[in-house]
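Asker: Predicted model and sequence below, questions to follow.
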Amino acid sequence: MSDPPVSFVGSFPDPDIALDPPLPEIALVGRSNVGKSSLLNALVGQAGLARISSTPGKTTLLNVFRLPTFYLVDLPGYGFAVASKSARAGYRQLVEGYLRRRERLAGVVWLLDVRHDPSRDDFVMQQLLVDHERPVLAVLTKSDKLGRAALAVRVSALATALRLPPDQVQPTSSKSGLGIEELKDSIAAAAAGETL
Ligand SMILES: Nc1nc2c(ncn2[C@@H]2O[C@H](COP(=O)(O)OP(=O)(O)OP(=O)(O)O)[C@@H](O)[C@H]2O)c(=O)[nH]1
Ligand SMILES: [Mg+2]
């Protein structure tokens, strides 16, 4: 089956933007460089699409993509070592505002690099997601960088570190396509109002 059409809606500095038409939203969050843009492109089957969002200066914005029945919202990456205090505060305001106030936020896809233990910033994000009671799907990226056995070990280690059941951390790879079809199904289900 061919992938559904998807288009770039825009980049927005404000968590309260009105999207027209109003549709359910699925947000992607994760630290910078975790593979958000790559995953977005893999999910929609368009290699160059999310490059738009990686141009310098747009990293502090919400990047919105329209699919037929829902929006994918690429939230700015966190964990910049070089970010200033005010940039961090601005980031937190944008992301917290988004998580707190979006009425149509149907689910959050939270990306973690399968090779690394969660960082302090990752745990801060986890707490934010818990505080705002948003349905979350933890997705492990770059799984192609590990062999089968090592991958199984890491999935289980991350599930333990995050205190999540192992079936709630999905290994994926934008490069090999591992887990992408399953993730598409989970996202479509969440957008349709089913639990993640
Ligand atoms: N091997 C491998 N590399 C990946 C994968 N996903 C992303 N990468 C690489 O990781 C780097 C960062 O990927 P991006 O998709 O730009 O990450 P991002 O989270 O959008 O980064 P920011 O926009 O800076 O927050 C790039 O060099 C990608 O090629 C993957 O599944 N496998
Ligand atoms: Mg990106």
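Answerer: Ah, there it is. None of these values were measured; they are calculated from a predicted model. Ligands and ions are numbered 1, 2, ... in the order given.

Asker: mind showing which ranges of the chain have poor pLDDT?
Answerer: 1-4, 51-59, 80-83, 195-196 (pLDDT under 70).

Asker: Quick check: the residue of it nearest ligand 2.
Answerer: residue 37 (3.3 Å; CB to the ion). To be clear about C-beta, it is placed using only N, CA and C from the backbone, and glycine gets the same treatment.

Asker: mind listing the strands for this structure?
Answerer: Under the criterion DSSP state E, the chain contains strands at 7-12, 25-30, 62-66, 71-74, 105-113, 136-141, 169-171.

Asker: check contacts around the residue nearest in space to the middle of the chain.
Answerer: Closest residue to the average C-alpha location of the chain: residue 28 at 2.0 Å, with CA atoms, centre = their mean. Counting by CB atoms under 8 Å, 6 or more residues apart in numbering, residue 28 makes contact with 36, 39-40, 72-75, 108-109, 111.

Asker: so what's the residue of the chain closest to ligand 2 closest to, chain neighbours aside?
Answerer: Spatial nearest neighbour of residue 37, excluding adjacent residues (CB to CB, 6 or more residues apart in numbering): residue 50 at 3.8 Å.

Asker: I figured that neighbour hits residue 40, correct?
Answerer: Yes. Between residue 50 and residue 40 there is a contact at 4.3 Å, judged by CB atoms under 8 Å.

Asker: Spell out which parts of this protein neighbour ligand 1.
Answerer: Within the chain, the residues that sit near ligand 1 (CB under 6 Å from any ligand atom) are 30, 32-38, 54, 77, 141-142, 144-145, 173-175.

Asker: are any of these buried, and which?
Answerer: 30, 34-38, 77, 141-142, 144, 173-174 (16 or more other CB atoms under 10 Å).

Asker: farthest-separated two in those residues?
Answerer: Of all pairs drawn from these, the greatest distance, 20.4 Å, lies between 77 and 144 (CB to CB).

Asker: For the longest helix along the chain, which outside residues touch it?
Answerer: When the chain is parsed with DSSP state H, its longest helix is helix 85-101. Contact with helix 85-101 is made by 13, 15-16, 27, 29, 60, 62, 73, 75-76, 78, 80, 83, 105, 108, 128-129, 132, 134, as judged by CB under 8 Å, 6+ apart.
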